[in-house]
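Undergrad: Build me a model:
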Amino acid sequence: MINVVQGHRTNSVQEAINYLKGDHDHKGVERKPKPRFLTGSETDCLIACETISRKHKYVSGTLAFEPNEHPTDQQLMAVVNSFRATFMAGLEHGVNFTDFWNIHEDKGRIELNYIIPLTELTTGRQLNPFPVGKVKEDFKDAFDAVINHNLGYDQVVRDPLKASSSKFEVKVLPHSDSKLAKQIKATKPDKDNISANVGYQILQGNIGNRQQLCDYLENFGTITRVNDKFISLKIHGSQKAFRLKGPVYEYGADFRKLKNESLTKGADYRKQLNDADFKKISDTLKRLTDSRRQFNKKLIGEPMIGRTNKNRIYGPKTAEKVTAKESLQQVAPPKEIHQPQKVKETSALAQPTAQSQQPSMPRVDSTATPVKTLSTNPEGKADSPSVSSSTNGVSTSDSSVGGLRSQLADLISQIANAKNPAKAAALKIRATQLENQIGAAVAAERIRKLKEAERFNGMSGTKPKI
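TA: I've put the predicted structure just below:
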């Protein structure tokens with residue numbers, strides 16, 4: 001058995017599920033026997049994917065068994081449970097995540113197909129069962145090895161002379177019976193050609209160390225980087241280099257030993273794990289699973305946080321932009337109010353006379369919204385400001401908050417009446433988002449009022465003394 005991950009998908013999850021359930025394969029050939037449902041929920045997957053606004057909606061893959069491997073449905077269900085406990089460690093099926101599993105047997109072997117929405121149901125955060133990079137491959141390989149050992153199946157043995165992760169393996173191997181695969185087999189990618197040539201030269205005894213390997217690779221192009229784990233090669237006529245990875249390309253590789261392993265890779269002792277090997281691979285799987293469990297626990301344990309810039313007030317996109325200088329003129333009163341008028345100096349014989357002057361009222365731009373005016377009483381003192389509004393005392397922010405609260409009340413009612421756990425979880429995510437929006441709107445309105453008060457205090461300062 002080997003786990004072939006197809007990758008993260010952006011297309012419709014409904015189309016993917018329909019294909020897995022369909023009576024015909026991608027070439028239109030009727031599937032005999034027909035696909036069988038095993039476990040999971042198609043409906044829950046559809047609902048979960050509808051709540052995802054990110055580009056990638058779900059991940060799909062296949063646990064492919066060899067033709068001579070015949071697990072029962074009970075054993076397949078145990079494999080699924082182990083899969084969930086490993087790659088979604090720390091999460092509960094049906095509460096934190098959902099999936100869909102069915103069985104294909106039309107190719108003369110059992111293929112256990114799966115689809116997993118990339119979202120954690122209680123928080124809406126992104127869920128990734130297969131972390132990127134080398135950890136992903138180590139995780140999958142360890143899981144495959146343990147399952148095969150427990151079921152008594154042969155281990156997946158890779159040719160040590162072959163470059164790993166070639167384009168053929170990644171993109172074509174899962175569809176090895178398609179027309180595209182046959183075309184690529186006829187004209188293999190450069191990486192496969194190089195790998196085959198290197199393997200042949202090692203078997204012929206022409207390459208016995210890493211220096212000879214590098215000298216041979218230079219026949220195909222330019223070596224751009226040499227690392228302990230790989231060699232990067234840019235072939236002639238190519239703009240981009242690729243990595244040749246695998247046991248033969250690593251620093252300190254024993255070419256004689258690798259040659260013997262390649263010649264005997266089908267031997268019985270290579271197909272089974274001894275006690276020491278099984279303990280080693282089990283420890284690796286436990287370490288990676290524990291790491292994934294800690295990550296997932298943190299994922300669901302941290303509270304959802306709304307906008308971190310709640311204090312920022314966003315105006316309408318169509319509003320006319322004003323410069324900082326114009327904004328200052330709208331808010332601050334004219335300078336003559338804050339600065340005392342200068343009194344012309346007179347001679348010592350002249351008796352100075354001071355005439356009281358009324359300060360001119362501040363100019364307010366009539367186009368500003370809202371318009372704030374100052375009324376004066378008979379004594380010339382400024383009264384409290386009044387705000388003109390066309391909404392009868394109800395601000396636009398208040399109106400929008402009311403609308404959001406109405407939507408939230410409707411969602412709470414739907415959650416209470418929802419019978420499907422996945423649908424209820426999706427509605428709870430939307431309700432949480434609305435609560436965050438309401439909190440942001442209320443905070444923005446509070447800050448707007450504080451700023452209005454600060455502007456008024458600056459405009460209604462005391463009269464200057466002369």
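
Undergrad: Can I get stretch 61-69 in CSV, CA atoms only?
TA: Extracted C-alpha coordinates of stretch 61-69, given in CSV (Å, rounded to 0.1, in the frame of the first residue of the first chain):
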residue,chain,number,x,y,z
GLY,A,61,-5.6,11.3,-2.6
THR,A,62,-5.6,7.5,-2.8
LEU,A,63,-4.4,4.7,-0.6
ALA,A,64,-3.4,2.3,-3.5
PHE,A,65,-3.0,-1.4,-2.7
GLU,A,66,-1.0,-3.9,-4.8
PRO,A,67,-3.0,-6.4,-6.8
ASN,A,68,-2.0,-9.2,-4.4
GLU,A,69,-3.1,-7.2,-1.4
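
Undergrad: Mind listing residues that contact that stretch?
TA: 1-6, 71, 79, 83, 108-114, 151, 153-154, 174 (C-beta atoms under 8 Å, 6 or more residues apart in numbering). Bear in mind the C-beta positions are built from the backbone N, C-alpha and C, glycine included.

Undergrad: Would you report the backbone torsion angles of Leu63?
TA: Note on Leu63: its backbone torsions stand at phi -90, psi 100 [degrees, to the nearest 10].

Undergrad: Beta-bridge partners for it, please?
TA: Asn3, Leu112 (DSSP bridges).

Undergrad: For it, grab the count of nearby residues.
TA: Using other C-beta atoms under 10 Å, Leu63 has 23 other residues around it.

Undergrad: Quick check, pLDDT for it.
TA: For Leu63, the model assigns a pLDDT of 95.

Undergrad: thinking again about what came up before, turn the buried ones among the contacts of stretch 61-69 into a named PyMOL selection, would you?
TA: In PyMOL, this line selects whichever of the contacts of stretch 61-69 come out buried by 16 or more other C-beta atoms under 10 Å:
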select buried, resi 1+2+3+4+5+71+79+83+110+111+112+113+114+153+154+174
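
Undergrad: Please flag which of the contacts of stretch 61-69 sit within helices.
TA: If you go by DSSP state H, the contacts of stretch 61-69 have Val79, Phe83, Leu151 in helices.

Undergrad: distance of Arg256 from Ser262?
TA: 11 Å (C-beta to C-beta, to the nearest Å).

Undergrad: Ok, Gly439 next?
TA: Gly439 is 64 Å from Ser262, by C-beta to C-beta.

Undergrad: Phe242 now?
TA: Counting by C-beta to C-beta, the gap from Phe242 to Ser262 is 22 Å.

Undergrad: go on, Ala276?
TA: Ala276 is 23 Å from Ser262, by C-beta to C-beta.

Undergrad: if you count what's nearby, which of the two comes out ahead?
TA: For Ala276 versus Ser262, the count of surrounding residues by other C-beta under 10 Å is larger for Ser262: 17 against 8.

Undergrad: Skipping adjacent residues, who's closest to the more buried one in space?
TA: Leu161 (4.8 Å; C-beta to C-beta, 6 or more residues apart in numbering).

Undergrad: what about the one you found, how many neighbours?
TA: Residues near Leu161, counting by other C-beta under 10 Å: 25.

Undergrad: same deal with Ser195?
TA: Ser195: 23 neighbours (other C-beta under 10 Å).

Undergrad: ditto for Gly205
TA: For Gly205, the neighbour count with other C-beta under 10 Å is 10.

Undergrad: per-residue pLDDT, Gln414?
TA: The per-residue pLDDT reported for Gln414 equals 86.

Undergrad: quick one: it and Ala426 touch, right?
TA: No - the pair Gln414 / Ala426 is not scored as a contact, 10.2 Å apart, by C-beta atoms under 8 Å.

Undergrad: Just want to know which of the two has more residues nearby.
TA: Ala426 (23 against 14).

Undergrad: Would you verify that the more buried one is located in a strand?
TA: No - per DSSP: H, G, I helix; E, B strand; the rest coil, Ala426 lies outside any strand segment and is helix.

Undergrad: so what's it up against?
TA: Here Ala426 is in contact with Ile47, Ala48, Glu50, Thr51, Leu121 (C-beta under 8 Å, 6+ apart).

Undergrad: run the last query once more with 10 Å
TA: 44, 47-52, 119, 121, 124, 415, 418, 420 (C-beta atoms under 10 Å, 6 or more residues apart in numbering).

Undergrad: and those residues, which are buried?
TA: Asp44, Ile47, Ala48, Cys49, Thr51, Ile52, Thr119, Leu121, Gly124, Ile415.

Undergrad: Columns distance to Lys21 and secondary structure on top of these, output as TSV?
TA: Below are these laid out as TSV (distance: C-beta to C-beta, whole Å; DSSP: H, G, I helix; E, B strand; the rest coil):
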residue	distance to Lys21	secondary structure
Asp44	15	helix
Ile47	17	helix
Ala48	18	helix
Cys49	16	helix
Thr51	22	coil
Ile52	21	coil
Thr119	22	strand
Leu121	23	coil
Gly124	27	coil
Ile415	30	helix
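
Undergrad: circling back to that earlier point, can you confirm the residue nearest to Ser262 is in a helix?
TA: No - secondary structure of Leu161 (three-state DSSP): coil, not part of a helix.

Undergrad: what sits in contact with each of Arg256 and Ser262?
TA: Ile202.

Undergrad: so Ala418 touches Arg430, yeah?
TA: No - taking C-beta atoms under 10 Å as the definition, Ala418 is not a contact partner of Arg430, at 11.8 Å.

Undergrad: between the ones in helices among the contacts of stretch 61-69, which is closest to Val13?
TA: Among those, Phe83 lies closest to Val13 (C-beta to C-beta), at 18.8 Å.

Undergrad: Now do the closest one against Gly403, distance only.
TA: If you go by C-beta to C-beta, the gap between Phe83 and Gly403 works out to 44 Å.

Undergrad: Let me see the contact set for Ala423.
TA: In this structure residue 423 is Lys, not Ala. Contacts of Lys423 by C-beta under 10 Å, 6+ apart are Thr43, Asp44, Leu46, Ile47, Ala48, Glu50, Thr51, Gln414, Ile415.

Undergrad: Next, give me the two most distant ones among these.
TA: Top of the distance list for these (C-beta to C-beta): Leu46 and Ile415, 18.5 Å.

Undergrad: quick one: Tyr251 and Asn227 touch, right?
TA: Yes - using C-beta under 10 Å, Tyr251 is in contact with Asn227, at 7.9 Å.

Undergrad: Let me know the closest of the ones in helices among the contacts of stretch 61-69 to Asp410.
TA: Once C-beta to C-beta is applied, the member of the ones in helices among the contacts of stretch 61-69 that ends up nearest Asp410 is Phe83, at 38.2 Å.
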